[in-house]
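Colleague: no sequence for this one, just the structure:
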Ligand code: HEC
């Protein structure tokens, strides 16, 4: 009897985690169209480049760019997008950027993600 209750508790816990996991995903999807983050026109020049200019170019530009990644150059950004995407989203296997802690805002991350998914246009 006792064991049965334990098993129940475990499955209820597992179910709760699974459901809250789903809710989290949904929130993320909703965020892509959220009114607090204007994503109607996402372009490289207006949405992506200014973020890199504000948070990355101080270390990632010119011939001495950290990791040889120049975030002030469209050619370098598009060529290194897998590492950039991993770094700014703090994915495992990548150094977290910006270096020294912190993270880009959810809105900036969303805009960069949209730009990537739309084919990384030089627009
Ligand atoms: C204070 C300096 C600094 C800032 C600001 C900074 N970086 Fe870095 N970044 C570094 C250093 C140092 C490395 C490590 C270079 C090496 O030795 O490989 C690095 C590495 C990286 C890498 C390679 C990560 C990997 O695991 O392959 C990427 C991509 C990157 N940075 C992107 C960015 C982006 C995008 C931003 C802005 C959101 C940013 N960095 C901001 C200093 C900085």
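Modeller: Noted; the coordinates are in hand. This one's a predicted model, so the numbers in the text were calculated from it and none came from an experiment.

Colleague: contacting residues for residue 112?
Modeller: Residues counted as contacts of residue 112 (C-beta atoms under 8 Å, 6 or more residues apart in numbering) are 47-48, 51, 85, 88, 104. All C-beta atoms are positioned from the backbone trio N, CA, C, and that covers glycine.

Colleague: if we go to 10 Å?
Modeller: Counting by C-beta atoms under 10 Å, 6 or more residues apart in numbering, residue 112 makes contact with 42, 44, 47-48, 51-52, 77, 81, 84-85, 88-89, 104, 120.

Colleague: Using TSV, lay out these together with distance to the ligand, secondary structure and pLDDT.
Modeller: Shown next, in TSV, are the contacts of residue 112 (distance: C-beta to the nearest ligand atom, whole Å; DSSP: H, G, I helix; E, B strand; the rest coil; pLDDT from 0 to 100):
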residue	distance to the ligand	secondary structure	pLDDT
42	17	coil	98
44	14	helix	98
47	14	helix	98
48	10	helix	98
51	7	helix	98
52	6	helix	98
77	8	helix	98
81	9	helix	98
84	4	helix	98
85	8	helix	98
88	5	helix	98
89	10	coil	98
104	6	coil	98
120	14	coil	98
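
Colleague: Report the buried members of the residues you listed.
Modeller: The neighbour-count criterion (16 or more other C-beta atoms under 10 Å) marks 42, 44, 47-48, 51-52, 77, 84, 88, 104 among those as buried.

Colleague: residue boundaries of the helices in this structure?
Modeller: Under the criterion DSSP state H, the chain contains helices at 2-31, 49-55, 74-79, 81-88, 106-117.
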